[in-house]
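task: produce atomic coordinates for the following.
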Amino acid sequence: MDTTQFHTQYAASMAAFLSQLPDPGLRIAVRQQGDPFFRQCALAVWQAGGTPLSPAHTAWYNALYSGSVRPPDVLFWALTAQAGGCTALPAPPFFSRLCTYDRQTGHRTARAFLDTLAAALTLFAQAAGPGTPEAASAIASYLDQWFTQWQRESLPGNPRTPCPFPARLPRSAACAYPRPRPSDPRSLRPDGGAHDRGPVGPAGRAVWTGNR
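Prediction:
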């Protein structure tokens with residue numbers, strides 16, 4: 001993936017998430033802390049994948065910014081030195097604040113962030129190709145940790161786990177999260193309805209629309 005495409009996907013994902021934050025203070029916090037956090041995530045994902053860092057990784061790292069002003073570039077030797085102390089995926093610095101805001105207001109910002117996080121981690125893992133099972137395993141474990149915390153908070157939002165892995169990843173890296181069964185209360189939306197399965201035809205059968 002070239003750096004332009006990499007930057008465009010990341011910036012679009014961040015812009016979409018920021019648009020879901022009604023609180024100006026939250027938007028400021030995410031703008032200030034988001035890029036440094038995701039840069040640390042990228043290093044951790046690349047380390048988990050087991051592939052040595054290359055100048056290409058430096059180019060992708062420098063393309064990780066969501067604002068209109070590109071920050072100063074990091075040199076390859078500086079990135080490799082920084083990567084030595086970044087082996088684990090970091091805690092999201094603003095996640096607890098999102099949870100508190102949702103608890104007080106009924107918004108769904110924390111759950112929206114988990115979807116943004118899943119998309120970003122997948123982007124990092126697949127920058128150089130389809131990704132590795134090792135990176136996929138690290139991402140799955142990390143997302144499960146924060147999704148479990150979100151569940152404990154009993155906050156509103158999509159009850160399905162944020163599965164980041166598309167079909168083109170190696171089979172052994174497929175998402176380990178089970179889809180909620182129809183009988184599982186988690187498979188119901190917060191408003192009490194079942195997940196939307198598209199148009200329904202005669203005899204209650206779902207109609208295939210070709211959009212899935």
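
helix or strand with the lowest mean pLDDT in this structure?
helix 76-83 (a mean of 92; mean pLDDT, DSSP states H and E).

so how far is that one from its chain's centroid?
Its chain's C-alpha centre and that of helix 76-83 lie 24 Å apart, by CA atoms, centre = their mean, to the nearest Å.

now whichever helix or strand comes after that helix: average pLDDT?
Next helix or strand after helix 76-83 toward the C-terminus (DSSP states H and E): helix 95-105. Throughout helix 95-105, pLDDT has a mean value of 97.

hmm, who's touching helix 95-105?
22-23, 26, 29, 107-111, 113, 146, 149-150, 153, 155-157 (CB atoms under 8 Å, 6 or more residues apart in numbering). For the C-beta atoms, the positions are set from N, CA and C on the backbone; glycine is no exception.

of these, keep whichever come out buried.
Buried members of the contacts of helix 95-105, scored by 16 or more other CB atoms under 10 Å, are 26, 29, 107-111, 113, 146, 150, 153, 155-157.

excluding chain neighbours, give the residue nearest to Ala16 in space.
Spatial nearest neighbour of Ala16, chain neighbours left out: Thr116 (7.3 Å); criterion: CB to CB, 6 or more residues apart in numbering.

how much space between that neighbour and Trp46?
Using CB to CB, to the nearest Å, Thr116 is found at 19 Å from Trp46.

and the two? Which one has more around it.
Trp46 (24 against 19; other CB atoms under 10 Å).

so the more buried one makes contact with Leu53?
Yes. Look at Trp46 against Leu53 with CB atoms under 8 Å: they come within range, at 6.4 Å.

which residues are in contact with both of those two?
Common contacts of Trp46 and Leu53 (CB under 8 Å, 6+ apart): Ala83.

quick one: what helix or strand has Gln149 in it?
Taking DSSP H and E as the definition, Gln149 sits inside helix 133-152.

alpha carbons only: can I get that helix in CSV?
Output of helix 133-152 as CSV, limited to C-alpha atoms (Å, rounded to 0.1, in the frame of the first residue of the first chain):
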residue,chain,number,x,y,z
PRO,A,133,-1.4,-14.6,12.0
GLU,A,134,0.8,-13.2,14.8
ALA,A,135,-0.3,-9.7,14.2
ALA,A,136,-3.9,-10.8,13.9
SER,A,137,-3.8,-12.7,17.1
ALA,A,138,-2.3,-9.6,19.0
ILE,A,139,-5.0,-7.4,17.5
ALA,A,140,-7.8,-9.8,18.5
SER,A,141,-6.6,-10.1,22.0
TYR,A,142,-6.2,-6.4,22.4
LEU,A,143,-9.7,-5.6,21.0
ASP,A,144,-11.2,-8.3,23.2
GLN,A,145,-9.7,-6.6,26.2
TRP,A,146,-11.3,-3.2,25.5
PHE,A,147,-14.6,-4.6,24.2
THR,A,148,-14.9,-6.6,27.5
GLN,A,149,-14.3,-3.4,29.5
TRP,A,150,-16.9,-1.6,27.4
GLN,A,151,-19.4,-4.5,28.1
ARG,A,152,-18.8,-4.2,31.8
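
thank you, goodbye.
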